[in-house]
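**Student:** Need a 3D model of the sequence below.
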Amino acid sequence: MIHIASTESPQAKYDRRKSQDRREIGSLPEVSDSARRLSCRDDFRHQCETYHSELFSRAWSDDHLKAIAKLQQAVIEGGQFAFAMPRASGKTTLCLVACMWALLHGHRKFVVLIGAEAQAALDLMDNIRTEFENNDMLLQDFPEVIFPIVSLEGIAHRCNGQTLDGERTQMTWANDRAVLPTVAGSKASGAMLRVAGITGRIRGMISKTPDGKSIRPDLVIVDDPQTDDSARSVSQNDQRERILAGAILGLAGPGQSISAVMPCTIIRHQDMAERILDRSRHPEWRGEKTRLVYDWPTNLKLWEQYSDIWAGDLRNGGTGQAATDFYGENRIEMDAGSKVAWAARFEETELSAMQHAWNLKLRVGEEAFNSEYQNEPDDIGSSSRPITLTSDDLTAKTNKVPRRIVPNEYQTLTAFIDISQKCLWWTVCAFDEKFGGAILDYGLWPDQKQRYSRLQTVTKTLQRKYKGHGMEAAILNGLEDLTANLSNVWRGETGTEHRIEKILIDEGDGEHTQIVRNFCRRSELSGILIPAKGRGVKASTRPLCDGRPKQGERFGHFWKMIRNRDNSRTVHVDVNYWKTFLMRRFEVPTGDDGAVSLYHARPREHQMIADQLTAEYPKEIEDVSTGNRVIEWANPRNRDNHFMDTMVGCLVGASISGCTLTAQQPVKEPRKRRKSVSYI
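**Tutor:** Numbers count the residues shown, from 1 in each chain. So this is what the prediction gives:
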């Protein structure tokens, strides 16, 4: 026999053994409590209460138990289930634990968790990783899965060479996927978990087990698959519904069925969630809706008193304790007739779930409460003609004319400037006599040199551009330079020359009012400059042009021009009316009378203005005492909406210049309140 001497140096042998020692994690610990583990195998609720009690510290509601039953059935038996639950009900946590339960007990080999967006999906995966890495009881009873994970010590690349009793565990522990350790005798050996956003790369998910077999997903959990923006968009709702029916339910492969669960919250009528929950439309999902409050108390007068006490206490620097004291004194009468879904849902400073629900409604507003906690969103806008435009709809609403070029069919040019602390927001539009129009250009001053800007992230501020000047002087310099720029000649398609007829400037509510008035009066362009002030005329308030004009006043179509004490003039604008009017113009197909469109550009170039034009939400309000009906606009999330204001100002400028809808008779404002006024 010929022996071949090893050429490996002693140092190399030492390094190799040391490397092997580092990769080797030793033998598995024994299962600490096999009876406890076995008792949870086919009982998802028991799994939650036993291994994840810190996540579910409050008593279950009946709705929770229904959701738990649906998740258990989907994991063990299969099927499709969709259920809507209020915000912060723990549905996402239930989904995460269901994924872990399915994998640990070997019920499923390939689980996919879908989020509304890619980042939301990654956050879900991060939560599962954290639970696997830090749950001591799981380590005690599922050592074949958890021990190799814990041995990574949070360093994912150690998966590559990790060995257990000399055998590779072949784990993957990445941001968007995990392959559980390959361990002889483990039911979870080689099981896989993937996460993805619903609009991301979903098709073609397939994995190979350590023994070379190809496996496809056999369970998918779709957690809250829509965002506020997607719920408002018809096109995005259609897209997500198609993805759910096609790519997601087709993950198991041709001819194979997949178990699926979709916990969700309805945000708007006919959004994706409501469509899937509709059993007449999707009976296969067995949709079911739950609420935070099933029956409201019968004595609402006491609750109205409670609301007044709560608001007054907070305005005076209190914590709301005065309202809690009032509720404690009248609790029996105030709770009469009520039925709350989750009796254990209330905070330490509150006395009951009913009080918590009422406080939520006071904090977030009735509209948000009805959608996010009751799964019964209010009708947005008129019930007969809801305003459903989305940012996607607006970015696609373009004409064929380039930026800063006036289309031949439009003759009246107007502009509006909105003042913020950092910059000026401006828009220039062209209109015909019937209010058909085109947005010629828009932007920020100083120019930010980027396609998309938010007020919070503006860096090229007025103060930086006009160094050495205070706030007032910086605004004045900005207005002077911007109006000079806007007043230049604008070219038409055939080379004709146009000039802006009216430039309206927002005078605000006091901080910049006198600055704007003085600038407009003293400017060389004073003939076309008009200070403007928005008025949120509601159903409960008098119309803007009620009665006869006073001396120095001029009434227009939902605007009036007044003379100020310093002899300057200001146009007061009914912004609720004009915002509705604006969105109706965008609803008109391009090319029809009265349509408004954006200059020709790729959709992403108009994303900033589209997002701001859809930042506010309309709601039709009727005042019982007057019979008035008005679509009121609100911005509950305080999103940037400056271009909504500038567009309204451009329309009002066009109205001042004589534009009107031929099909629309001028409104004659009455001397007294009308029985019924509709701004629809």
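**Student:** Would you mind measuring from the residue nearest the centre of the chain to Arg637?
**Tutor:** Nearest to the mean C-alpha position of the chain, by CA atoms, centre = their mean, lies Asp228 at 3.3 Å. Distance of Asp228 to Arg637, given as CB to CB, to the nearest Å: 8 Å. Bear in mind the C-beta positions are built from the backbone N, C-alpha and C, glycine included.
**Student:** repeat for Glu622
**Tutor:** For Glu622 relative to Arg637 (CB to CB), the value is 25 Å.
**Student:** neighbour count winner among the two?
**Tutor:** Glu622 (13 against 10; other CB atoms under 10 Å).
**Student:** Please state the backbone phi and psi of that one?
**Tutor:** phi -120, psi 130 (degrees, to the nearest 10).
**Student:** Verify the contact between it and Ser540 for me.
**Tutor:** No: with contacts counted by CB atoms under 8 Å, Glu622 stays clear of Ser540, the gap being 9.7 Å.
**Student:** between the two, what contacts are shared?
**Tutor:** Asn628 (CB atoms under 8 Å, 6 or more residues apart in numbering).
**Student:** Am I right that Cys650 is in a strand?
**Tutor:** No: assessed with DSSP: H, G, I helix; E, B strand; the rest coil, Cys650 is helix; it does not lie in a strand.
**Student:** Once you drop chain neighbours, what's closest to it?
**Tutor:** Nearest residue to Cys650 in three dimensions, chain neighbours excluded: Cys429, at 4.0 Å (CB to CB, 6 or more residues apart in numbering).
**Student:** Note down every partner strand of the helix or strand hosting the one you found and its orientation.
**Tutor:** Here Cys429 sits within strand 424-431, counting by DSSP states H and E. Here strand 424-431 is paired, per DSSP bridges, with strand 412-419 (antiparallel), strand 437-445 (antiparallel).
**Student:** could I get that strand in PDB with only the CA atoms?
**Tutor:** Backbone C-alpha positions of strand 424-431 (Å, rounded to 0.1, in the frame of the first residue of the first chain) are rendered in PDB as follows:
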ATOM      1  CA  LEU A 424     -43.700  79.500  -2.100                       C
ATOM      2  CA  TRP A 425     -45.900  77.000  -4.000                       C
ATOM      3  CA  TRP A 426     -47.300  78.200  -7.300                       C
ATOM      4  CA  THR A 427     -49.300  77.100 -10.300                       C
ATOM      5  CA  VAL A 428     -50.200  78.600 -13.600                       C
ATOM      6  CA  CYS A 429     -53.300  77.600 -15.600                       C
ATOM      7  CA  ALA A 430     -55.000  78.500 -18.800                       C
ATOM      8  CA  PHE A 431     -58.700  78.400 -19.300                       C
END
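**Student:** Going by neighbour count, list what's buried in it.
**Tutor:** Going by neighbour count (16 or more other CB atoms under 10 Å), the buried part of strand 424-431 is 424-431.
**Student:** can I get those in CSV with distance to Glu131?
**Tutor:** Listed next are the buried residues of strand 424-431 as CSV, based on distance: CB to CB, whole Å:
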residue, distance to Glu131
Leu424, 50
Trp425, 46
Trp426, 51
Thr427, 50
Val428, 55
Cys429, 54
Ala430, 58
Phe431, 59
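**Student:** between those residues, which is nearest Ser487?
**Tutor:** The closest of the buried residues of strand 424-431 to Ser487 turns out to be Val428 (CB to CB; 10.5 Å).
**Student:** Distance check, the closest one against Gln226.
**Tutor:** From Val428 to Gln226 the distance is 36 Å (CB to CB).
**Student:** same thing with Ser657?
**Tutor:** Relative to Gln226, Ser657 is positioned 42 Å away (CB to CB).
**Student:** of these two, who's got more company?
**Tutor:** Gln226 (25 against 16).
**Student:** what number of residues lie near the nearest residue to the more buried one once chain neighbours are set aside?
**Tutor:** Once flanking residues are discounted, Gln226 sits nearest to Met272: 5.0 Å by CB to CB, 6+ apart. The burial count assigned to Met272 is 28, neighbours taken as other CB under 10 Å.
**Student:** show me where the stretch 451-600 of the chain has strands.
**Tutor:** Assigned by DSSP state E, counting those that start in this stretch, the stretch 451-600 of the chain shows strands spanning 490-492, 497-498, 500-506, 529-535, 554-555, 559-563, 569-574, 596-598.
**Student:** I'd like these laid out as CSV, including mean pLDDT.
**Tutor:** Formatted as CSV, these follow (pLDDT from 0 to 100):
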stretch, mean pLDDT
strand 490-492, 96
strand 497-498, 96
strand 500-506, 97
strand 529-535, 96
strand 554-555, 92
strand 559-563, 94
strand 569-574, 96
strand 596-598, 95
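**Student:** Tell me which of those lies nearest to Arg268.
**Tutor:** Comparing those against Arg268 with CB to CB, the closest turns out to be strand 596-598 (23.8 Å).
**Student:** what about Pro225, distance to Ile266?
**Tutor:** 12 Å.
**Student:** oh, I was asking about Ala341
**Tutor:** In terms of CB to CB, Ala341 sits 15 Å off from Ile266.
**Student:** So for these two, which residue has more residues nearby?
**Tutor:** Higher neighbour count among Ala341 and Ile266: Ile266, with 24 against 21, using other CB under 10 Å.
**Student:** For the more buried one, give me phi and psi.
**Tutor:** Ile266 adopts backbone torsions of phi -80, psi 130, taken as degrees, to the nearest 10.
**Student:** Which residues are in contact with it?
**Tutor:** For Ile266, the contacting residues are 84, 273-274, 277, 289, 371, 375-377, by CB under 8 Å, 6+ apart.
**Student:** closest to Asn641 among these?
**Tutor:** Comparing every one of these with Asn641 (CB to CB), the shortest separation belongs to Ser371, at 20.2 Å.
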